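K.L.:
Show me how the following folds:
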Amino acid sequence: MKPVLIIRTGRAPDNIRGRHGDFPHWFRLGAQLQSWQISIVDVAAGETLPPPHKVAGAMITGSAAMVTERLAWSERTAGWIRNAMDAELPLFGVCYGHQLMAHALGGRVDYLPGGREIGTQPIELLDTAATDLLAGTLPPSFRAHTTHEQSVLELPRSSSVLARSARDPHQLLRHGPHAISTQFHPEFNAEVMRAYIRRKHVDMQREGADPRQAFVGVAATPVARRLLRQFARLHEWIPASV
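P.N.:
Predicted coordinates for the structure are as follows:
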């Protein structure tokens, strides 16, 4: 059986990682995969990605890096994404992974107008989601956790928008029959979201945001958290009964 690839583009901050674990752990749990089913490649540390035909699919994590930095490892990963898309490999990108997929496929990524979006946000599904195999199962609106400074500002030509937030019109994108990405974090739980707000509270205050209000507004996100599992089930990484 081919492994499911977790493309690690960064690490959670030390204080969060020490208490809550790190990105690959959150993604594996979210998708309800067993440890033996996954292969983790740390591209930010220079590790080499396998050819797309050697894996069952890939999930691309978030990062503290910025896509606009055009770091060498990031651009190599963008090239791999293009090859994976040509092979119609199942792909699920989150935050940095979402932005990197859009960049790789010809979209434009830059800083979100108005500053960072952080906290639990209402996500609104668009009409385009109605016939989507994954998004079509979602309710018209749901909550999701966000923390990002950059965003997809212009879509790749072949991509479509499935959901938005008040601040970001490109929260959920479909890139092809087997490729999807979210600006929000389906792998986060409420405690992880609160930990990020604690960590960013000085930056938030400097930017004119209210960290206390964001902290109090953190809530459970059961719909968003099901997305990784539903994607895994759709692509037969896990049995339909799970």
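K.L.:
Tell me the pLDDT of the most centrally placed residue in the chain.
P.N.:
Centroid-nearest residue in the chain: V94, 0.9 Å away (criterion: C-alpha atoms, centre = their mean). At V94, the predicted lDDT confidence score is 98.
K.L.:
Please look at it and I180 and confirm they touch.
P.N.:
No: contact criterion C-beta atoms under 8 Å: V94 and I180 do not qualify, at 10.0 Å. (Each C-beta comes from the backbone N, C-alpha and C, glycine too.)
K.L.:
Let me see the ranges of the strands in this structure.
P.N.:
4-8, 38-42, 57-60, 91-94, 108-111, 117-125, 141-148, 150-154, 160-164, 172-176, 179-182 (DSSP state E).
K.L.:
got the angle for the longest one vs strand 172-176?
P.N.:
What that stands for is strand 117-125. 60 degrees (axes from the mean of the first three to the mean of the last three C-alpha atoms, to 10 degrees).
K.L.:
tell me which residues of strand 117-125 are tucked away?
P.N.:
E117, I118, G119, T120, Q121, I123, E124, L125 (16 or more other C-beta atoms under 10 Å).
K.L.:
The lowest-mean-pLDDT helix or strand in the chain - contacts with which helices or strands?
P.N.:
Using mean pLDDT, DSSP states H and E, helix 14-20 stands out as the lowest-scoring helix or strand of the chain, at a mean of 95. On a contact count with 3 or more C-beta pairs under 8 Å, 6 or more residues apart in numbering; DSSP states H and E, helix 14-20 meets helix 190-206.
K.L.:
List the contacts of the helix it packs on.
P.N.:
13, 15-16, 19-20, 26, 116, 118-120, 145, 147, 185, 188, 210-211, 214-215, 218-221 (C-beta atoms under 8 Å, 6 or more residues apart in numbering).
K.L.:
buried subset of the residues you listed?
P.N.:
Applying 16+ other C-beta under 10 Å to the contacts of helix 190-206 flags 16, 26, 116, 118-120, 145, 147, 185, 188, 211, 214-215, 218, 221 as buried.
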